[in-house]
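J.: Pasting the sequence and the predicted model now:
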Amino acid sequence: MSPLRSMKPWTVMAYIVADPDENNQELNAAANAELQAIAHAAAKYPREMHVVSQVDFNGQRGIFRQVMDDNGVPTLTQSGCEVDSTPGDRDVVRQFLAWASKQFPAERRVVLFWGHSFGPAGMFQTDKAAKESVIIRPHRFRAAETRPITRILNMADLASALGAAAGPDAHKVDLVIFKDCAMNTLETAFELQSIADFQIGSQSLIPVHLTTEVNGVRPPSVWPYEKLFGALAAHSHAETAKPAATQMLHTLGDFYKVKEHLGQNTDVPVTLIDLQKLTDVRVRVNAFVHALKDLNILERSEKISSAFAGDPALVDVERVCAQFRHMPAAGALREAVAHHVVAHASRTHDFTGLSVFYRAPGLGIQGIVMPTMFPLNYSTLRFARTTTWDDLAFETNPISEFANL
């Protein structure tokens, strides 16, 4: 085992997962480009931060770790993880984060994730298939379902693995950054609230390629890591990660103002979320659900689903509340959620910072969330267990759906 490095203001731990399809060379090339960009940026700030990365080529070429030495020179070595390990295994993530936090001590810790994700359904698709038998509660008027799904890292396992990044002093992770699709949800926030202080992510798809092609290939859309790490360096002595994270958020907002960086998207919203003290949100979600239950199911589902953002199964919380502005409970929830949105950048008004899962009556298997989100695994999320939103999350039309049984 290598000796412990010197204490620095920051340790940045990047976990990158390539595509499980060996024929998808574009995404694997994007993973390589991201790794190289991180290394190049880290070389600029060897005194302010440790930067360590693990890139998992998802069974194609193995798992590698990249470490910057104290002179800013990167070294890439193959990880000692089990040969048959997969990104969907929480222990793979946990082992890397535990190793990095112990070997590279710092006053503050940042964890960056890059790869496929499915919003509150989980992260990191692998080619190892699994099956779930989904039992829906009787009042849903639907039969049990069995669907084949690819293996992913669910939210509970993500939170468990992320706890290893806190290090031996049990300090919370200061900032979690997701370059992963649709991770800025209430479900994610509630899952990570006891593990991390702040989160940067998006409510929408995040493109990994630029808009235009060069010689028939769209180049990777790589984040401006030199500016992002510069924000950390500029706030090395701040009392919390908030000033650095705010500057990073504005950097990403400026990045996505450039149309070329949007890929096939019209907007890539980014938001900095304060994960601390979400009790106010929990209480007001419950009051809002209680008020919504007094409405006709078709009336409320039409209004809720009209606020969809980024994915058919995700709705923007503030826009949902605006649909019920006559309800005091809606205004109270809107105020509570806004309190946790530290900074936000978007090209449109479709996104305000946080989404929540909602499967409207009749919504089929579409988008990135629904194919891997079932009532049974949704009910295990901390958000579902500590609020009553689960009562509405899988809305059904009892008349039409009972007739189809």
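T.: Received the coordinates, thanks.

J.: what's the closest non-adjacent residue to residue 28?
T.: Leaving aside its sequence neighbours, residue 28 sits nearest to residue 18 (C-beta to C-beta, 6 or more residues apart in numbering; 4.5 Å). (C-beta placed from N, C-alpha, C; glycine too.)

J.: Next: residue 11.
T.: residue 106 (3.7 Å).

J.: so the one you found bridges to which residues?
T.: With DSSP bridges as the criterion, residue 106 is bridged to residue 8.

J.: before we move on, back to that, I'd say the residue nearest to residue 28 and residue 56 touch.
T.: Yes: if you go by C-beta atoms under 8 Å, residue 18 and residue 56 touch, sitting 6.7 Å apart.

J.: measure the residue nearest to residue 28 to residue 91 for me?
T.: 19 Å (C-beta to C-beta, to the nearest Å).

J.: Specify which residue of these two has the higher count of neighbours.
T.: residue 18 (27 against 15; other C-beta atoms under 10 Å).

J.: where does that one land on pLDDT?
T.: In this model, residue 18 is scored at 75, pLDDT.

J.: just residue 53 next, same as before
T.: Residue 53 is given a pLDDT of 90.

J.: which residue packs closest to residue 325, ignoring adjacent ones?
T.: residue 331 (6.8 Å).

J.: again with residue 180
T.: Residue 180 sits nearest to residue 117 (C-beta to C-beta, 6+ apart), 3.5 Å away.

J.: Kindly report the same for residue 388.
T.: residue 289 (4.5 Å).

J.: who's in contact with that neighbour?
T.: Neighbouring residues of residue 289 by C-beta atoms under 8 Å, 6 or more residues apart in numbering: 387, 388, 389, 391, 392.

J.: Tabulate those (a markdown table), appending distance to residue 335, pLDDT and neighbour count.
T.: Formatted as a markdown table, these follow (distance: C-beta to C-beta, whole Å; pLDDT from 0 to 100; neighbours: other C-beta atoms under 10 Å):
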| residue | distance to residue 335 | pLDDT | neighbour count |
| --- | --- | --- | --- |
| 387 | 17 | 96 | 23 |
| 388 | 19 | 95 | 17 |
| 389 | 17 | 96 | 22 |
| 391 | 22 | 92 | 16 |
| 392 | 20 | 92 | 19 |
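
J.: Now these in CSV, please, with extra columns for distance to residue 359 and secondary structure.
T.: CSV is the format used below for those (distance: C-beta to C-beta, whole Å; DSSP: H, G, I helix; E, B strand; the rest coil):
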residue, distance to residue 359, secondary structure
387, 16, coil
388, 16, coil
389, 12, coil
391, 13, helix
392, 9, helix
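
J.: Next one: the residue nearest to residue 237 when sequence neighbours are not counted, what pLDDT does it get?
T.: Nearest residue to residue 237 in three dimensions, chain neighbours excluded: residue 9, at 7.1 Å (C-beta to C-beta, 6+ apart). At residue 9, the model reports a pLDDT of 95.

J.: again with the one 4 residues further on
T.: Reading off the confidence values, residue 13 has pLDDT 95.

J.: Tell me if I'm right that it and residue 102 touch.
T.: No: at 11.3 Å, residue 13 does not count as touching residue 102 under the criterion of C-beta under 8 Å.

J.: So which of those two has more stuff around it?
T.: residue 13 (25 against 13).

J.: part of a strand, is that one?
T.: Yes: Residue 13: assigned to a strand according to DSSP: H, G, I helix; E, B strand; the rest coil.

J.: bridging residues for it?
T.: residue 52, residue 111.

J.: Hmm, residue 274 is touching residue 342, no?
T.: Yes: counting by C-beta under 8 Å, residue 342 is a contact partner of residue 274 at 5.3 Å.

J.: what residues do those two have in common as contacts?
T.: 198, 242.

J.: and residue 267, that one's in a helix?
T.: No: using three-state DSSP, the assignment for residue 267 is coil, not a helix.

J.: tally of neighbours for it?
T.: 19.

J.: helix or strand for the residue nearest to residue 325, which one?
T.: helix 328-340 (DSSP states H and E).

J.: State the paired neighbours of whichever helix or strand comes after that helix in the sheet, together with their directions.
T.: With elements assigned by DSSP H and E, the helix or strand that comes after helix 328-340 is strand 341-345. Partners of strand 341-345 in the sheet, by DSSP bridges, are strand 270-274 (antiparallel).

J.: Could I get the buried residue list for the next helix-or-strand element following the partner strand?
T.: On the C-terminal side of strand 270-274, the closest following helix or strand by DSSP H and E is helix 279-292. Neighbour-count burial for helix 279-292, counted by 16 or more other C-beta atoms under 10 Å, picks out 281, 282, 284, 285, 286, 287, 288, 289, 291, 292.

J.: I'd like to know how far the residue nearest to residue 28 sits from residue 103.
T.: Taking C-beta to C-beta, one finds residue 18 at 24 Å from residue 103.

J.: Now do the contacts for residue 107.
T.: 7, 8, 9, 10.
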